[in-house]
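Colleague: build me a model:
(2 chains)
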2 protein chains.
Amino acid sequence: MTGLHQRVRRTITKHELLPSGSRVLVAVSGGSDSVALAMLLCDLSESLAVGVAGLAHLNHCLRDTAARDEAVCERLADRLGLPFVVERADVAGYATSQRLSVEDAARRVRYEFLERSATRIGAERIAVGHTLDDQAETVLLKLIRGAGPAGLGGIFPKRGRVVRPLLDVDRVTLRGYLTERGVEWTEDETNQDLTNPRNRIRHVVLPELERAYGGSVRASIARAAAVAREDGAWLETLSDRVFGEVAVRVGDGWELDARRLADEPAPIVRRVLLKALRLASGGREIGQEHVTAVAAVLAGACGGTDVPGGRVHLSSGKLVLSEQGGRPR
Amino acid sequence: MTGLHQRVRRTITKHELLPSGSRVLVAVSGGSDSVALAMLLCDLSESLAVGVAGLAHLNHCLRDTAARDEAVCERLADRLGLPFVVERADVAGYATSQRLSVEDAARRVRYEFLERSATRIGAERIAVGHTLDDQAETVLLKLIRGAGPAGLGGIFPKRGRVVRPLLDVDRVTLRGYLTERGVEWTEDETNQDLTNPRNRIRHVVLPELERAYGGSVRASIARAAAVAREDGAWLETLSDRVFGEVAVRVGDGWELDARRLADEPAPIVRRVLLKALRLASGGREIGQEHVTAVAAVLAGACGGTDVPGGRVHLSSGKLVLSEQGGRPR
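Modeller: Numbering: from 1, shown residues only, chains lettered A, B, ... in the order given. Reported below is the predicted structural model:
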């Protein structure tokens, strides 16, 4: 077992990503990260007592290279002797009809496809190829967008049945491994487009930070994110308890016991308000600015405020979140 | 009152930096930030009911421009009709004798001078000129160094009697204000040295992040830091309570009730261990890696580990932190 294999194994063990005896579907795009993920999980499958159930590829039908990407994934499945699940999706059309960015639409369609495929093939887990590089980029992106409490934690190693075994490994190492094994992958040309914020962070900002500090900047950022995730998870647990004590569903909205909530410390108050606003918003996006506005109402600084999907006001010791109008798109 | 004055006033009010009736000593280096700070506090002193007790300048005797910097500060005190407190320090000699970096030595000598001067002049507060730019740079620096729980909060608006009224204002705005008022300041040429990590972040990384996102990146980072500070403060409060319940001073070291501590969630355990390690280290630097090593001992993964200034081991349900050897420099 190489150092790379040990590192991946450690990530899997530490976060309990793949229980012994489980089956995992591997999402592959054709890029180096997901191709290496499929190879590494096959290498480790015996020692982890985990079965690789197959490779799943969604053809987004967005780029000229889509057919080539699909072919690379299919050849990889052949090489590994694994079932290959493939589907074509009209992501551009979905984005237009749902009024989503192409990026958001692709993500939604892809995860929906993966969940469906995992169920059909009988896999308890879905492995995706996010790396240490993706983690560092995500943390920086969230930071410059003014992340709320949860943002600085970056990408989670596990969310539902989706797991990320490569989150402690960098891309350069994965490419070295593929080259050594003589495995092909495809390059996504759109990754070179520096008008995209993530690409600019990847190709310009992170190398500059490395020049500034001269070290393993990506690993340091990932370490800070891990601490933030751990802190955030505990504050969420505490907030969920408080939410259960102060919040009551009333008609179409929610009522919160304002006096009891106001006694809680600010980090708990913000999280309880965020939770309530999300529940009352009918799926609309809630930002930190809305939480701040409602916290001002709770503090008595103003009588009420409009929020996405409704209105919040104080009434005889209750913070009332009422829904207004229909559901969003 | 201009927008700038209102912003500074809001920062002062929000964090209760300058109580009505108090007197504040302003630290000035001759650079634009601290010169603007002195001017703005004088502008606001009547409406805040705060007295500006004087300007304090430490001549570090490090650079050719030291005499020029001192002269600029003295002329500013004259212009504002304020007492001028000045001292010369052999920072380079202190750094050598104390085996500190020049940067660390300068900071120690400066704050010691400011505390002493404030006491002598009868000022309850010391105002220093950190800006939104400093805040964003500090958060990024801590992030790439793998900040622990407290790191992502960046610079605190208040620490002891030191306050930072400019923490929500950017440098460009301050320079515009000085130019408009016809006030001189000095440029610190060492700020141009791109081998210094902070300077590289200031002059290269932050402008690149702004190009990536096209917005007020500094303000977004400061907002995320404020949330991290708020979260961190509450987790510290909870951890201090737990520390009081599980820790006992025994001889030269500390004993922690391992079973009770192990029942606590990870963010609390880490903070309690950090606190205990700091107390037992005799002033040595404790890093996240030491906390991780001791957490492994607590979890029973190994019997003991060396830590700065001593050793930690498990013994009949107690985590024992024993000091070894003398105090560090």
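Colleague: hey, where'd the helices end up in the stretch 1-150 of chain A?
Modeller: In the stretch 1-150 of chain A, the helices defined using DSSP state H, counting those that start in this stretch lie at A:3-14, A:32-48, A:66-80, A:91-98, A:102-121, A:132-144.
Colleague: for chain A, which spans come out with low pLDDT?
Modeller: By pLDDT under 70, the low-scoring segments of chain A are A:147-150, A:324-329.
Colleague: could you identify the longest strand within it?
Modeller: strand A:51-59 (DSSP state E).
Colleague: just the CA trace of that one, in PDB.
Modeller: Output of strand A:51-59 as PDB, limited to C-alpha atoms (Å, rounded to 0.1, in the frame of the first residue of the first chain):
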ATOM      1  CA  GLY A  51     -17.700  -3.500  -2.800                       C
ATOM      2  CA  VAL A  52     -17.400  -1.100  -5.700                       C
ATOM      3  CA  ALA A  53     -20.900  -1.400  -7.300                       C
ATOM      4  CA  GLY A  54     -20.100   0.400 -10.500                       C
ATOM      5  CA  LEU A  55     -19.200   3.700 -12.100                       C
ATOM      6  CA  ALA A  56     -21.800   6.300 -12.900                       C
ATOM      7  CA  HIS A  57     -21.400   9.000 -15.500                       C
ATOM      8  CA  LEU A  58     -23.800  11.800 -16.300                       C
ATOM      9  CA  ASN A  59     -23.300  13.200 -19.800                       C
END
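Colleague: before we move on, the earlier item: could you export the helices of the stretch 1-150 of chain A as JSON lines, including mean neighbour count and distance to chain B?
Modeller: For every residue, glycine as well, the C-beta is placed using N, CA and C. Below are the helices of the stretch 1-150 of chain A laid out as JSON lines (neighbours: other C-beta atoms under 10 Å in any protein chain shown; distance: least, C-beta to the nearest C-beta, whole Å):
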{"stretch": "helix A:3-14", "mean neighbour count": "16", "distance to chain B": "12"}
{"stretch": "helix A:32-48", "mean neighbour count": "21", "distance to chain B": "20"}
{"stretch": "helix A:66-80", "mean neighbour count": "17", "distance to chain B": "26"}
{"stretch": "helix A:91-98", "mean neighbour count": "15", "distance to chain B": "22"}
{"stretch": "helix A:102-121", "mean neighbour count": "17", "distance to chain B": "15"}
{"stretch": "helix A:132-144", "mean neighbour count": "24", "distance to chain B": "5"}
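Colleague: so which of those is nearest residue B:251?
Modeller: Closest approach to residue B:251 among the helices of the stretch 1-150 of chain A is made by helix A:3-14 (36.0 Å; C-beta to C-beta).
Colleague: C-alpha coordinates for the closest one, CSV please?
Modeller: Presented in CSV, the C-alpha positions along helix A:3-14 are these (Å, rounded to 0.1, in the frame of the first residue of the first chain):
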residue,chain,number,x,y,z
GLY,A,3,1.4,6.6,1.0
LEU,A,4,-1.5,7.8,-1.2
HIS,A,5,-3.5,4.6,-0.5
GLN,A,6,-2.9,5.0,3.3
ARG,A,7,-4.0,8.6,3.2
VAL,A,8,-7.2,7.8,1.4
ARG,A,9,-7.8,4.9,3.8
ARG,A,10,-7.3,7.2,6.8
THR,A,11,-9.9,9.7,5.5
ILE,A,12,-12.4,6.8,5.0
THR,A,13,-11.8,5.4,8.4
LYS,A,14,-11.7,8.7,10.3
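Colleague: helices and strands around that helix, which ones?
Modeller: The contact analysis (3 or more C-beta pairs under 8 Å, 6 or more residues apart in numbering or on different chains; DSSP states H and E) places helix A:3-14 against helix A:32-48, helix A:171-181.
Colleague: quick one: contacts of the longest strand of chain A?
Modeller: With contacts defined as C-beta atoms under 8 Å, 6 or more residues apart in numbering or on different chains, strand A:51-59 is touched by A:22-30, A:38, A:41-42, A:45, A:66-67, A:69-70, A:73-74, A:76-77, A:80, A:82-89, A:109-110, A:113-114, A:117-118, A:121-123, A:126.
Colleague: cutoff 6 Å now
Modeller: A:23-28, A:38, A:41-42, A:45, A:66, A:70, A:73, A:77, A:82-89, A:110, A:113-114, A:117, A:121, A:123 (C-beta atoms under 6 Å, 6 or more residues apart in numbering or on different chains).
Colleague: likewise stretch A:137-157?
Modeller: Identification of contacts with stretch A:137-157 by C-beta under 6 Å, 6+ apart yields A:15, A:130, A:135, A:164, A:167, A:198, A:201-202, A:221, A:225, A:228-229, A:232, A:288, B:152, B:209, B:213, B:217, B:220-221, B:223-224, B:227.
Colleague: PyMOL command to pick out the buried ones of the residues you listed?
Modeller: The following PyMOL line selects those of the contacts of stretch A:137-157 that are buried, judged by 16 or more other C-beta atoms under 10 Å in any protein chain shown:
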select buried, (chain A and resi 15+130+135+164+167+198+201+202+221+225+228+229+232+288) or (chain B and resi 152+209+213+217+220+221+223+224+227)
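Colleague: next step: the contacts of stretch A:137-157 restricted to helices.
Modeller: A:135, A:198, A:221, A:225, A:228-229, A:232, A:288, B:209, B:213, B:217, B:220-221, B:223-224, B:227 (DSSP state H).
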